[in-house]
Every structure is written in C-alpha cells, then in structure tokens.
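Asker: need the 3D shape of this:
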Amino acid sequence: MHSARERESAPPTGRAVVSDRVDRQHRSSHRGGRRRRSPHRRGLPRRRGRSYLVGVLLAAGLLGSAVFFLDGGRSDASSGAPRPRSTVITPTTTLTLPPTPPPSPTPTPTKIDVPSAGTGTFVTADASGAKVGHGSHLLRYVVEVETGLDISPTQAANEIADILAAPRGWTHNGVSSFQLVGAGEPYDLTVKIATPGTADALCWEGIHQDTQGEYNCEIHNGVVVNLKRWVEGSPTFEGPIHDYRALIINHEMGHFLGHPHMTCAGPGQLAPVMMQQIKGLHGCIANAWPYDRSGHFVSGPHVT
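Answerer: Numbers count the residues shown, from 1 in each chain. Here you go, the predicted structure:
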C-alpha cells in the first residue's frame, strides 16, 4: 500500500490521464467567458483568406497583362519599362507663321540709247541759273539736246552748270564767269548734245574737222558734245561718268577761252585738261579739271 503522499505524487493512470486532459481542455475553452475554437476549426478561415488574396493577385495580373497588350507591348525606351498610356488629350497648338515677303525686285539699270544718227533738230533746255565766278569775262550759254534722245535737256543743263561752277573749274582763273540761260534769253554760245552722226556734221561744217563719230569739238558759236562720249565715257578714263562729262565740258570750253591742246608733262603727273586724253595718257594720270587741288593750273607742252 502506498501512503497518502505517495498517492498524490504518483503518475496518473491511463483513464485518469485522458479524463484529466479533457477536463483541462474544457476549462481552457471556457476561460475568460469565451469559447476557443479547436485548431482544426481555426485553420479554415485562414485558408479562405489565402484563396481570396490569390484570387485578387491573379485578377490584378490578368488586368495588367490586358493593359500591357492594349498598350502595344514594351516601350523602346532604354529602361525596358512598359510605356505608360496617357489618358490626357493635349490640344495641338497651330503656329501661324508670317508670310515670307517676296524678294525685292532688282532695279533695272537705266540705259540711255545711243543711236548713230538723229533728227538734226534740237530742243533748248528750260533752265537758267545765277552767274558763277567773279571774272569780268562773262559767258552766257544755253544747252540744247537733239530731239528724240533719252536725255532730259533740263537735267543735262543743270549738270553742265554744276561743272562750270566747280572750284577747280575755269572760274578759278579769276577772269572767266558763266551763266546758264533759258530759251529766248540772250546768250554767247550754245552747248549742244548730239548723236555721233549729227556731231560729225556740225564739227565738219563748223571747223572742217572729222570727228569720226567718236569725238567732240568746239565751233565758232559753241561746243558740240558727242552723245556717245556723254553716255559711255572713255576707255582711257577711270572714274564716274560725271567726272568724264566734266572733262568734256572743261576741255571744249577751254578751247572757247583760247587754250590750245597740250600733252603730258611727265609720267605720274596729272594730265592737262587741254590734253586729248581719249587718244592716250602717255604716262599721265587722267584728270577732268583745269586746276589741281592746290589751285595750280595743270599744264603741259603745247601740241604743234
């Protein structure tokens, strides 16, 4: 027989063990006034939650695949990430550019026709001016242009007046003075601009000089200017056409004032205005004025 202590400390028998386990489970399930589910029943809700989560993920994957294929696959961007599909419509801005202006037309140079012969009749320029120069020897002149030419008589008269009034012109001698007058007024000489054929006829009639359709001349009652020289200048003269026209007027007016032909005084020097520069410069520098910039008369040996 066992004592009471031994009975208390001895291990329980099999029935007692089972009974004791059931009793503990029963007490545990009612602890705190709440019944606890068995491990078997607690596992069921967790399996349903996992199935729901798998379903959501699967649906999201299928939706992503659909978006991927609707978007046309992967972008060509270097990152390899799918190209986001924008749902924002950006309005297109149309820029209205100002019209390109047409190119400016190139001005057509005015060309004066030089016929070989003309009508032989003249029109007097309707122009006049004040006396230029302080000399007592006054020469009043009119300007006449052969009819039918592409030259304004008034414009030509004003250009000639400017030449005769220039500081390096003949008025610098202190003796001569000039005045442009119009039609109907008294005059001392006429400056005629004529076609080559008409100029030849006038020069031959006036001084029996053959101007060969190329040259100008001085006659007893005035000056004849060949239209070809007035328009084209001279191949031996470099410079603006106005300067060559100054050479024509100063040379022929010099004859009217009594100056003979001269030639070059030496290489590198200015050619005298009384030199026939169109026939060659002979080492001189082309020059359109009787006086140089220092006020000295440009001279050279007389031609005999």
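
Asker: measure His137 to Gly258 for me?
Answerer: Taking C-beta to C-beta, to the nearest Å as the criterion, His137 is separated from Gly258 by 11 Å. (C-beta placed from N, C-alpha, C; glycine too.)

Asker: which one's more surrounded, those two?
Answerer: The residue with more neighbours, out of His137 and Gly258, is His137; 14 against 6, by other C-beta atoms under 10 Å.

Asker: please name the residues that touch that one.
Answerer: Taking C-beta atoms under 8 Å, 6 or more residues apart in numbering as the contact definition, His137 lies against Val175, Ser176, Ser177.

Asker: now the first one. Nearest residue, chain neighbours left out?
Answerer: Think Val175. Ranked by C-beta to C-beta, 6 or more residues apart in numbering and with sequence neighbours excluded, the top spatial neighbour of Val175 is Gly135, at 4.2 Å.

Asker: any stretches of this structure with poor pLDDT?
Answerer: Low-confidence regions of the chain, defined by pLDDT under 70, span residues 1-110.

Asker: separation between Thr147 and Pro196?
Answerer: With the distance defined as C-beta to C-beta, Thr147 ends up 16 Å from Pro196.

Asker: equivalent analysis for His208, please.
Answerer: Distance check for His208 against Pro196: by C-beta to C-beta, it reads 18 Å.

Asker: and those two? Which one has more around it.
Answerer: Residue environment comparison for His208 versus Pro196 gives the larger neighbour count to Pro196, 21 against 7, counting by other C-beta under 10 Å.

Asker: was I right to think the more buried one contacts Arg229?
Answerer: No. In this structure, Pro196 sits apart from Arg229 without contact. The criterion is C-beta atoms under 8 Å, and the distance is 9.0 Å.

Asker: any common contacting residues for these two?
Answerer: Common neighbours of Pro196 and Arg229 (C-beta under 8 Å, 6+ apart) are Glu214.

Asker: helix, strand or coil: sort out Trp204 for me.
Answerer: Secondary structure assignment for Trp204 (DSSP: H, G, I helix; E, B strand; the rest coil): helix.

Asker: same check on His255?
Answerer: Classified using three-state DSSP, His255 is helix.

Asker: over to Gln155: give its phi and psi.
Answerer: With angles defined as degrees, to the nearest 10, Gln155 sits at phi -60, psi -40.

Asker: I meant to write Met274 there.
Answerer: Dihedral pair for Met274: phi -90, psi 10, per degrees, to the nearest 10.

Asker: next one: His134
Answerer: In this entry, His134 is assigned phi and psi values of phi -110, psi 0 (degrees, to the nearest 10).

Asker: how near is it to Ile248?
Answerer: 25 Å.

Asker: so these two - more neighbours on which side?
Answerer: The neighbour comparison of His134 against Ile248 (other C-beta under 10 Å) goes to Ile248, with 24 against 10.
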